[in-house]
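Q: Need coordinates for the below:
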Amino acid sequence: MAKVLMERRLEELRLGDLISVDSAGTFCNPLVRATNRARFAIQHACGMDLLADHHPKDISDIRLNDFDLILTMEERQKIGLPISKTFTIKEYAGARGDVADPEGLPQEGYDACCGELMALIDRVIEKIAITL
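A: Just a heads-up that it's a prediction; the model follows:
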């Protein structure tokens, strides 16, 4: 959800050509699609199903050196990533704690996660934009 929310906000701010965004996870199955709950949360927040064509990508399939900044949702996801450029999204936005993974929660959990990510993404973009 974070990737499509970030891309959408960057486009709205006309920064999409200046900042590229990617997403990867651990133990991902590229044959699995975004959950219906995640898709509904994004559709409700953005007015369209931005996850319709989403397929997860495993972190082993990307070159971490190509990225200036790596954001995770949870502290434990930082393990093994480059220390100097890896932060939780909350940490980078100036807050504490993790963004809880809504997997297994009812729709309200996905909606809450989406709303939390949207607020954090605005703060992250403000911080990144200063460096452009």
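Q: Do a quick rundown of the strands in this protein.
A: Assigned by DSSP state E, the strands in the chain fall at 70-72, 86-88.
Q: Burial-wise, tell me which of those comes out on top.
A: Counting by mean count of other CB atoms under 10 Å, strand 70-72 has the highest mean neighbour count of the strands of the chain, with a mean of 21. All C-beta spots, glycine's among them, are computed from the backbone N, C-alpha and C.
Q: Pairing partners for that one, with directions?
A: strand 86-88 (parallel) (DSSP bridges).
Q: model confidence over the strand it pairs with, on average?
A: The pLDDT scores in strand 86-88 average 95.
Q: That strand: how far from the chain's middle?
A: With CA atoms, centre = their mean, to the nearest Å as the basis, strand 86-88 stands 12 Å off its chain's centre.
Q: Ok, stretch 5-17 next?
A: With CA atoms, centre = their mean, you get 13 Å for stretch 5-17.
Q: Kindly report the same for stretch 99-106.
A: Relative to its parent chain, stretch 99-106 has a centroid offset of 14 Å by CA atoms, centre = their mean.
Q: Around the residue lying closest to Cys46 once chain neighbours are set aside, how many other residues sit close by?
A: Among residues not flanking Cys46 along the chain, Arg8 sits closest, at 5.6 Å (CB to CB, 6 or more residues apart in numbering). Neighbour count for Arg8, taken as other CB atoms under 10 Å: 20.
Q: hang on, the earlier thing: save the strands of the chain as JSON lines, and put in distance to Gly104 too.
A: As requested, the strands of the chain are exported to JSON lines (distance: least, CB to CB, whole Å):
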{"stretch": "strand 70-72", "distance to Gly104": "19"}
{"stretch": "strand 86-88", "distance to Gly104": "21"}
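Q: what bits of the chain have low per-residue confidence?
A: 27-32 (pLDDT under 70).
Q: which one's the longest helix in it?
A: If you go by DSSP state H, the chain has its longest helix at helix 107-130.
Q: Could you export it as CSV, CA atoms only?
A: Taking C-alpha atoms only, helix 107-130 is exported to CSV below (Å, rounded to 0.1, in the frame of the first residue of the first chain):
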residue,chain,number,x,y,z
GLN,A,107,-11.2,-4.2,6.7
GLU,A,108,-11.0,-1.6,9.5
GLY,A,109,-7.4,-2.6,10.1
TYR,A,110,-6.4,-2.0,6.5
ASP,A,111,-8.3,1.3,6.4
ALA,A,112,-6.4,2.4,9.5
CYS,A,113,-3.1,1.4,8.1
CYS,A,114,-3.8,3.2,4.9
GLY,A,115,-4.7,6.4,6.7
GLU,A,116,-1.6,6.2,8.9
LEU,A,117,0.6,5.6,5.8
MET,A,118,-1.0,8.6,4.0
ALA,A,119,-0.2,10.9,7.0
LEU,A,120,3.4,9.6,7.3
ILE,A,121,4.0,9.8,3.5
ASP,A,122,3.2,13.5,3.5
ARG,A,123,5.8,14.1,6.2
VAL,A,124,8.3,11.9,4.4
ILE,A,125,7.8,13.8,1.1
GLU,A,126,8.3,17.1,2.9
LYS,A,127,11.6,15.9,4.3
ILE,A,128,12.8,14.5,0.9
ALA,A,129,11.7,17.6,-1.0
ILE,A,130,14.1,19.8,1.0
